[in-house]
Each structure stands twice: as structure tokens, then as C-alpha cells.
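Undergrad: the sequence isn't on hand, but the structure is:
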């Protein structure tokens, strides 16, 4: 009986090990992409097109670029990183996590409001407080998240930051700022043009001058811990086929004058 029990235990152990290997293999076959929140609508379509073409599964994690960069720094499992600015990508590269990188896309910074709100002209003379009508201006974190950094730069350049700073509602990422405007929680917000185009409940009231902020650049990176499957997706992500999908969502090629 002892011998039978031992054999049964060994069989159960072998079965458990086989299941673990299968599950681990399935998990490792997934391509894990960390991407700036503003890429969500477009990158969802890019990933769907790649999966349809290859059968390869992708796991997409969206957040502010600063949060994603910190997670990579502390060992979060990711194969690719798509940032909404160069600074967080450069920091990730300096820490030794980047195997290959490429500037992928560009964008524009806009002021959004309700669909029936009147357009306005962004000048130093603009009385932005009056236009807020007692509400707040939604922005991503102005010291950490790229959209918030660009927005802070633009408002400062136009001489509007000091008046509006006490009335800013800061969020963890740009899509959260968009959501505040979309739901009517705030009358206006600063987001990317592509965010505004993705939400029918907001309208673009004005586009910030390109020279009022740093160029908006989305760098992409293949990380050093990337799987072989991720390398294939990296090649496709940086191809014309993927670029056309991003362009359909309103993005611009990297380096395009804004």
C-alpha cells in the first residue's frame, strides 16, 4: 500500500508539474505592453489587428507614463513600453531596461469642454477663470504625467498658469482628466487631440500653439526582458501597417511639425 501511495503521489506531482509548465508557457507567450493612457483607443485597435493576423495574445496595461516607468524600474514584468514623452523613456533607458527604442508618434495639446461650449482663443488676455464658471480645469498631474507637464508648460507660456493654478483638478493620467470633462464633473480640461476625438461627449475648444510647450513625442521601447514573441510584435508595431492605424485615430508621425 505504501508503494502504491507513493506511486500515486508521484503521478499527482507529475500531473501538477505538467499543468504548471503548460500554464507558465501560456502566460509567457503573452506579450505584455505597458502604454501611456492616451494610447488606449488606438493601441487597442493595433493589438486587435496584430492578434487577428498572427493569433498572438497581447496584454495591455494603460496608465500614466510616470507610473509605468516606475513599475518597470521595480521589476514589473513587461515586454514593451510606450511613453507619452521622452523624459520617462530616457530614465528607463538609463536604468538599463531598454534593448531598442524608436520615436513612434506625435500629438497635439487641446482644451476641451462640453459639446455645446463655444470655441475660444488662447491668448494671454483670456479670462479662463470666467470661462470655468466656478468649476475646475481638469489636467493630468502637472509634475509627473506628460499631458500635465505639457499643459503646465503651455499655460505658463501663455501667462495663464498663475490665475488658473488654484482651480486645477489633477488626475493620475490624461484619460482620467478627459473623463472628468466627459461626465460633466469639470467644465473644461487639457488633453491630447486624440483623446478628444475618442470621446463624443467633449468638443475641442482650442488647440494650444505648438511653440507653447515641448514637442509631444511618443517613444516606444523593446525592453531587455522581452520574450522572443515580443520581438516580432515590436517589428510590426514600428511598421507602416501599425502607423496607419494610429494615424486613423488622429495621431501624427513622430517629428511632424505641430
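TA: Yep, it's here. Values in this document were obtained by computation on a predicted structure and should not be read as measured data. Residues are numbered from 1 along each chain as shown.
Undergrad: and the strands in the stretch 151-258 of the chain?
TA: 168-171, 188-192, 203-207, 217-223, 252-253 (DSSP state E, counting those that start in this stretch).
Undergrad: could you export these as JSON lines, including mean pLDDT?
TA: Shown next, in JSON lines, are the strands of the stretch 151-258 of the chain (pLDDT from 0 to 100):
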{"stretch": "strand 168-171", "mean pLDDT": "98"}
{"stretch": "strand 188-192", "mean pLDDT": "98"}
{"stretch": "strand 203-207", "mean pLDDT": "98"}
{"stretch": "strand 217-223", "mean pLDDT": "97"}
{"stretch": "strand 252-253", "mean pLDDT": "95"}
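Undergrad: out of the ones you listed, flag the one nearest residue 102.
TA: strand 217-223 (5.7 Å; C-beta to C-beta). Using the backbone N, CA and C atoms, a C-beta is placed for each residue, glycine as well.
Undergrad: who are the packing partners of that closest one?
TA: strand 80-82, helix 86-94, strand 98-106, helix 228-237 (3 or more C-beta pairs under 8 Å, 6 or more residues apart in numbering; DSSP states H and E).
Undergrad: what comes into contact with the first one?
TA: In this structure, residues lying in contact with strand 80-82 by C-beta atoms under 8 Å, 6 or more residues apart in numbering are 31-36, 39, 43, 68-69, 72, 89, 92, 97-98, 104, 218-223, 226, 230, 233-234, 237.
Undergrad: and what of stretch 136-147?
TA: Contacts for stretch 136-147 (C-beta under 8 Å, 6+ apart): 36, 38, 64-66, 83-85, 87-88, 109, 128, 148-149, 151-152, 164, 167-174, 176-178, 180-181, 185-192, 216.
Undergrad: and for residue 148, the neighbour number?
TA: 24 (other C-beta atoms under 10 Å).
Undergrad: can you point out the buried residues in stretch 113-125?
TA: 113, 117, 122 (16 or more other C-beta atoms under 10 Å).
Undergrad: same question for stretch 136-156.
TA: Result for stretch 136-156 [16+ other C-beta under 10 Å]: buried residues 136-142, 144-155.
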